[in-house]
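Peer 1: Just the structure for this:
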Amino acid sequence: IPTEMRAQLQRSLVRSHAAGSGPEVEREVVRALMLLRLSTLATGHTGVRRETAQLLAALISHDITPVVHEYGSLGCSGDLAPLSHCALALMGEGTVRDATGTLVPAAEALAAAGLTPVELAAKEGLALINGTDGMLGMLVMAIADLRRLLRTADIAAAMS
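Peer 2: Numbering: from 1, shown residues only. Predicted structure coming up:
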């Protein structure tokens, strides 16, 4: 791939994999996915520039949540579709929910928060979408629910 086409390759990679369908994944799960991806990016060993990771952190801080759909991820090769929808938001594309839960274009939400979309550099598209953060985000939230249910069951058993 010629050097001058590498940024286009990254954009195309993200766009082509943002192919989820069906109902929206719960907001708390998407935010868990984003936080897990940020944790990975923060290691500094992913090929993602600091400003790209900082923009993801800013989305979390401004309560801007990309719309991710339930269907489209196999899990065996990572959560390409869910993570691609998140990467689209970083590029100022796709749809997000703002802090009030209103559905808005990503570019609008970024502008309203004073954020500038990122222009992906070489390696960043793949680094943003290759991982199992979607499944892990669901697992983390399920474990939190399970812990709460177990505490409730203990209390109910003690009262009976």
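Peer 1: all contacts plus neighbour counts: C-alpha atoms, from now on.
Peer 2: Fine.
Peer 1: neighbours of V96, just the number please.
Peer 2: 27 (other C-alpha atoms under 10 Å).
Peer 1: element containing it, please.
Peer 2: Per DSSP states H and E, V96 falls inside strand 95-97.
Peer 1: now A157
Peer 2: helix 133-159.
Peer 1: Strand partners (parallel or antiparallel) of the lowest-mean-pLDDT helix or strand in the chain?
Peer 2: Least confident element among the helices and strands of the chain, by mean pLDDT, DSSP states H and E: strand 69-71 (a mean of 91). The sheet places strand 69-71 alongside strand 21-24 (antiparallel), with pairing taken from DSSP bridges.
Peer 1: mind exporting the partner strand as PDB, just the C-alpha atoms?
Peer 2: Only the C-alpha atoms of strand 21-24 are listed here, as PDB (Å, rounded to 0.1, in the frame of the first residue of the first chain):
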ATOM      1  CA  SER A  21     -27.700  -4.700  12.600                       C
ATOM      2  CA  GLY A  22     -30.600  -5.300  14.900                       C
ATOM      3  CA  PRO A  23     -31.400  -3.700  18.200                       C
ATOM      4  CA  GLU A  24     -29.000  -1.300  19.900                       C
END
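Peer 1: Need the contact partners of it.
Peer 2: For strand 21-24, the external contacting residues (C-alpha atoms under 8 Å, 6 or more residues apart in numbering) are V67, V68, H69, E70, Y71, G72.
Peer 1: what does stretch 31-41 give?
Peer 2: For stretch 31-41, the external contacting residues (C-alpha under 8 Å, 6+ apart) are 46, 48, 53, 56-57, 60, 65, 86, 128, 131, 133-134, 136-138, 140-141.
Peer 1: List only those of those residues flagged as buried.
Peer 2: For the contacts of stretch 31-41, a burial check counting by 16 or more other C-alpha atoms under 10 Å picks out 48, 53, 56-57, 60, 65, 86, 128, 131, 133-134, 136-138, 140.
Peer 1: Give me the pLDDT value at C76.
Peer 2: Looking at C76, its pLDDT reads 62.
Peer 1: Please apply the same query to M135.
Peer 2: So, for M135, pLDDT stands at 88.
Peer 1: next one: Q8
Peer 2: pLDDT, read off for Q8, is 93.
Peer 1: Next up, the contacts around A157.
Peer 2: Applying C-alpha under 8 Å, 6+ apart, no residues contact A157.
Peer 1: re earlier: least confident pick among the buried ones among the contacts of stretch 31-41?
Peer 2: G134 (86).
Peer 1: if we can go back for a sec, got the contact list for the strand holding V96?
Peer 2: Contact with strand 95-97 is made by I64, T65, P66, V67, A89, L103, V104, P105, A106, A109, as judged by C-alpha under 8 Å, 6+ apart.
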